[in-house]
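Here is my input, please return the structure:
(chains A and B)
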Number of protein chains: 2
Amino acid sequence: MRISLAASQDEVRRHNLATVLRRLHLGGAVSRSELVALTGLNRSTVGALVNELAEQGLVVEQPGASVGVGRPSLVVAVQPRSAVVLAFDFRVDRTVGSVMGLGGDMIERVERARSQSASAPKVSIQQILDMTHELLECVPEETIWVGTGIGVPGIVNAKSGMVSQAPNLGWVDVPFEQLIRTSMQEEFGEIPPIFVSNDADLGVLAEHTRGRAVAARNVIYLSGEVGIGGGVILNGELMSGAGGFGGEVGHMVVNPMGTKCRCGSRGCWETVIGRASILNCISDAESYGQVQDVLDVVSSGDDEVQQRLDSVGRWLGIGLVNLVNIFNPEVIVLGGHLGQIYPAVENIVSHELMNALRASRDQVMVTVASLRDDSTLIGASESAFAPLLNSPLETLSESSTFVAS
Amino acid sequence: MRISLAASQDEVRRHNLATVLRRLHLGGAVSRSELVALTGLNRSTVGALVNELAEQGLVVEQPGASVGVGRPSLVVAVQPRSAVVLAFDFRVDRTVGSVMGLGGDMIERVERARSQSASAPKVSIQQILDMTHELLECVPEETIWVGTGIGVPGIVNAKSGMVSQAPNLGWVDVPFEQLIRTSMQEEFGEIPPIFVSNDADLGVLAEHTRGRAVAARNVIYLSGEVGIGGGVILNGELMSGAGGFGGEVGHMVVNPMGTKCRCGSRGCWETVIGRASILNCISDAESYGQVQDVLDVVSSGDDEVQQRLDSVGRWLGIGLVNLVNIFNPEVIVLGGHLGQIYPAVENIVSHELMNALRASRDQVMVTVASLRDDSTLIGASESAFAPLLNSPLETLSESSTFVAS
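You can find the predicted model right below:
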């Protein structure tokens, strides 16, 4: 009985440490009294937990912003350079990488283009390795590297890190986590865990924890990169489906007589609202231009291009009607090029949305990603911080061999 | 401290009673030893719980089926006539009602047609009242009526029992639960609780607890009545969305250039796989015929009708591809006329399903509802049994004034 009681006390302490650290990581610095109110723990417990996290170097007590006269009171804050993660948003045409400090501080962000031909897994991994070198150089000495998170525009088994299918990369059954881990180990020796996830799943997690949808429990994030990905949070939990492959709303057929999709089907939503559809507004051939170019031409008053963009907006609206009727979400967050074009097509989209069933339509807000182009990147960093935020002391002690120098 | 400890013991006892009763209700009669193995409770606890449920008349110990020589051993079984519910499947063109005994025994089932013009809430309620009289006459004396469950083909707020919109009934904002409760109280005095739910939500619950999808954690049920409803179970839980309005897959647009839907939108899935689409295979005008008539003509070798039905099958497949890509379910259960036509279009549907993303496609099974035409009815009865199965003794004592005579 004593052993089980001791284990349970350890469990409670671990849980409480995690609660406090997570609150500081996501919500920023607060006073001990505020921590008492926010966590429901008593004052002496909070004091002991803060001291323990401070001993480990994860948090620090410092004077807060001065309010009125007198000495500012102390607040507890995370030490952004105590523990860091690497985060990668692996896109179809480029890779974005960053070092993120505890608390969500973006210490460094680098972006490297990649041609279609360089998207073979082997070449891609070399690019990630090169960026890892570059990013680790920005990590201060004695900082602990606790994990790496990577978002991929494809169907990922998040447990095994296997990319089952990524139509826009031309990948099938690529053991991405394993390939990266092996290469990183050859280069850096022992490394902390790597988490590979679907890009839009990370996007919705980021917008739900740090972005536009913090207050909502039912959220859809649409990634507009080359194709269209979807991440869905229902009743506060990421929807995964039987194998973690759910949420592929970009491959919802909305136009069955339409054009062939890279997935092999016909008339998928991404064939009518993917990046090529936007670029085609100014050139009938698939262009290598930028979405902003199209918006600039529209701003200049070109009616024909506006009409073509309106047509994309109508398709956007038709698919959103489906998502509203199917999921009854509170918030739909538009990321990537969908967020870029939304202001130019908002009226058209709103008009289409009137076709959604009223009960669900009345509850939904469509909005642009507040983390802008970095929703997936920030979600990737959160996925890599998860073990530290669940078990602070255990993760720190396991990570001690990964101290960047 | 003693009060809180006592409360907690009561809570544990309530939970254990509920566990045992639910097991017997869903799984049928078992021996005490099997109950020990199935519940993880010890032998003396199981004995005390069984005795308590037996004292209340909910269960009985009786000789089981004889195996080999010797006296058959005792099994614990529910008393099907100890507590009953009324269940109604309120459809567009008729109402099905039943008395269900504990354990899921269908004591009586009646079906009454209803013309489109008689679907006004007031007339509908009179029909339900008449059927309630008829059904209660089949309830043995001393039996306790613990609740009433009703499935409706529309968007329902399950908490308030308000039908927000039922396009195929022409209903908007009908406080159905309140109207029925008031009328029943006028007729029968005090009555047990009434639960109004979406028909397909009840269908998926029934197939998940008693039908084809018992072993699955991610299940979609499609009700094929006049329109198409959807009920979705994800990770073992009913998907509800922000207001409980999710799952309206019948109003997923798949054919935007198609015909107007009763919901006001255009090209919804139910415009191409709803009952009228099937009936139109033998007559261009919307017919009052039966789906079976179409299948009979196909069986007789009529190629033209077969081709028209194949077209419905293709649309069925296109929408299923969307559901597979969006939800990554293990099982999709086809109810109503969708289950009826499935054998005749299975090849076409399977061919279309090849367009789904491989990872999700490999995990899904499409099947016909094993509860046949009664999935919603059985789901409605389960919704009405829920309070008894959660808190057996409390629900019984609250229901004692509802003893049918």
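
So which bits of the stretch 101-250 of chain A are right by chain B?
Counting by C-beta under 8 Å from any C-beta of the partner chain, the stretch 101-250 of chain A comes close to chain B at A:155, A:157, A:164-165, A:216-218, A:230, A:234-235, A:237, A:239-249. The way it works is simple: take the backbone N, C-alpha and C, and place the C-beta from them, glycine included.

Can you tell me which of the residues you listed are buried?
A:155, A:157, A:164-165, A:216-218, A:230, A:234, A:239-249 (16 or more other C-beta atoms under 10 Å in any protein chain shown).

Just to be sure, which of the residues you listed are found in strands?
A:155, A:157, A:164-165, A:230, A:234 (DSSP state E).

Is stretch A:258-275 in proximity to chain B?
Yes - Stretch A:258-275 reaches chain B (C-beta under 8 Å from any C-beta) through A:263-266.

from these, which is closest to chain B?
Checking the residues of stretch A:258-275 next to chain B against chain B with C-beta to the nearest C-beta, the nearest one is residue A:265 at 3.8 Å.

hang on, that closest one packs against residue B:353?
No - look at residue A:265 against residue B:353 with C-beta atoms under 8 Å: they stay out of range, at 10.5 Å.

Pick out whichever of the two has more residues nearby.
residue A:265 (23 against 18; other C-beta atoms under 10 Å in any protein chain shown).

now stretch A:353-363: mean pLDDT?
Average pLDDT, stretch A:353-363: 96.

At the geometric centre of chain A, which residue do we find?
Most central in chain A under C-alpha atoms, centre = their mean is residue A:379, positioned 2.5 Å from the mean C-alpha point.

List the contacts of it.
A:149, A:151, A:197, A:201-206 (C-beta atoms under 8 Å, 6 or more residues apart in numbering or on different chains).

Okay, the closest residue to it other than its chain neighbours and residue A:32: tell me how far apart.
Distance criterion C-beta to C-beta, 6 or more residues apart in numbering or on different chains; nearest residue to residue A:379, sequence neighbours excluded, is residue A:202 at 2.8 Å. Residue A:202 sits 33 Å away from residue A:32, going by C-beta to C-beta, to the nearest Å.

quick one: which of those two has more around it?
residue A:202 (32 against 17).

low pLDDT regions in chain A?
For chain A, residues meeting the criterion pLDDT under 70 lie at A:1-7, A:66-68, A:284-288, A:403-405.

tell me the domain boundaries of it?
Annotated domains of chain A cover A:2-78, A:84-201+A:375-402, A:214-370 [automatic domain parsing].

Thought residue A:327 was touching residue A:217, still the case?
No - using C-beta under 8 Å, residue A:217 makes no contact with residue A:327, being 11.7 Å away.

Identify the contacts common to the two.
Counting by C-beta under 8 Å, 6+ apart, the contacts common to residue A:217 and residue A:327 are residue A:234.

With secondary structure and distance to residue A:114 as new columns, can the contacts of residue A:379 be given to me in TSV?
Listed next are the contacts of residue A:379 as TSV, based on DSSP: H, G, I helix; E, B strand; the rest coil; distance: C-beta to C-beta, whole Å:
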residue	secondary structure	distance to residue A:114
A:149	strand	19
A:151	strand	15
A:197	strand	19
A:201	helix	22
A:202	helix	19
A:203	helix	20
A:204	helix	25
A:205	helix	24
A:206	helix	22
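
Mind telling me the two of these farthest from one another?
Pairwise distances across the contacts of residue A:379 (C-beta to C-beta) peak at 14.3 Å, for the pair A:149 and A:204.

Specify which residue of the two has the higher count of neighbours.
Using other C-beta under 10 Å, the more surrounded residue of residue A:149 and residue A:204 is residue A:204, with 32 against 28.

before we move on, the earlier item: which of the contacts of residue A:379 sits closest to chain B?
residue A:201 (12.0 Å).

Would you agree the closest one is in contact with residue A:231?
Yes - applying C-beta under 8 Å as the test, residue A:201 and residue A:231 come out as touching, 4.2 Å apart.

quick one: secondary structure of residue A:17?
helix (DSSP: H, G, I helix; E, B strand; the rest coil).

Show the contacting residues for it.
A:49, A:52-53, A:392-393.

do the same with residue A:198
By C-beta under 8 Å, 6+ apart, the residues touching residue A:198 are A:151-156, A:158, A:229, A:231, A:247.

The same query, at a cut-off of 10 Å, please.
Contacts for residue A:198 (C-beta atoms under 10 Å, 6 or more residues apart in numbering or on different chains) come out as A:151-158, A:163, A:166, A:204, A:223, A:229-231, A:238, A:240, A:244-248, A:376, A:379.

Then residue A:239?
Contacts of residue A:239 by C-beta under 10 Å, 6+ apart are A:201, A:204, A:218, A:220, A:230-233, A:246-247, A:327, B:218, B:232, B:234-235, B:239, B:326-328.

again, but for residue A:176
A:90, A:121, A:124-125, A:128, A:150, A:152, A:154, A:156, A:160-163, A:166, A:194, A:196.

Which one (most neighbours) among those residues?
residue A:196 (30 neighbours).

Which residue ranges of the stretch 301-405 of chain A form helices?
A:303-327, A:336-353, A:358-361, A:375-390, A:392-399 (DSSP state H, counting those that start in this stretch).

Of those helices, which is nearest residue B:8?
Proximity to residue B:8 (C-beta to C-beta) singles out helix A:375-390 among the helices of the stretch 301-405 of chain A, at 27.7 Å.

export the closest one as PDB, just CAs?
These are the backbone C-alpha positions of helix A:375-390, laid out as PDB (Å, rounded to 0.1, in the frame of the first residue of the first chain):
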ATOM      1  CA  SER A 375       0.300  28.200 -37.800                       C
ATOM      2  CA  THR A 376       1.900  24.900 -38.800                       C
ATOM      3  CA  LEU A 377       5.400  25.900 -37.600                       C
ATOM      4  CA  ILE A 378       4.000  26.900 -34.200                       C
ATOM      5  CA  GLY A 379       1.900  23.700 -34.000                       C
ATOM      6  CA  ALA A 380       5.100  21.700 -34.800                       C
ATOM      7  CA  SER A 381       6.900  23.400 -31.900                       C
ATOM      8  CA  GLU A 382       4.000  22.700 -29.600                       C
ATOM      9  CA  SER A 383       4.100  19.000 -30.600                       C
ATOM     10  CA  ALA A 384       7.800  18.900 -29.700                       C
ATOM     11  CA  PHE A 385       7.200  20.700 -26.300                       C
ATOM     12  CA  ALA A 386       4.400  18.300 -25.400                       C
ATOM     13  CA  PRO A 387       6.600  15.800 -23.400                       C
ATOM     14  CA  LEU A 388       8.200  18.600 -21.400                       C
ATOM     15  CA  LEU A 389       4.800  20.100 -20.600                       C
ATOM     16  CA  ASN A 390       3.400  16.700 -19.600                       C
END
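
list the buried ones in it?
Using 16+ other C-beta under 10 Å as the test for burial, helix A:375-390 gives A:375-389.
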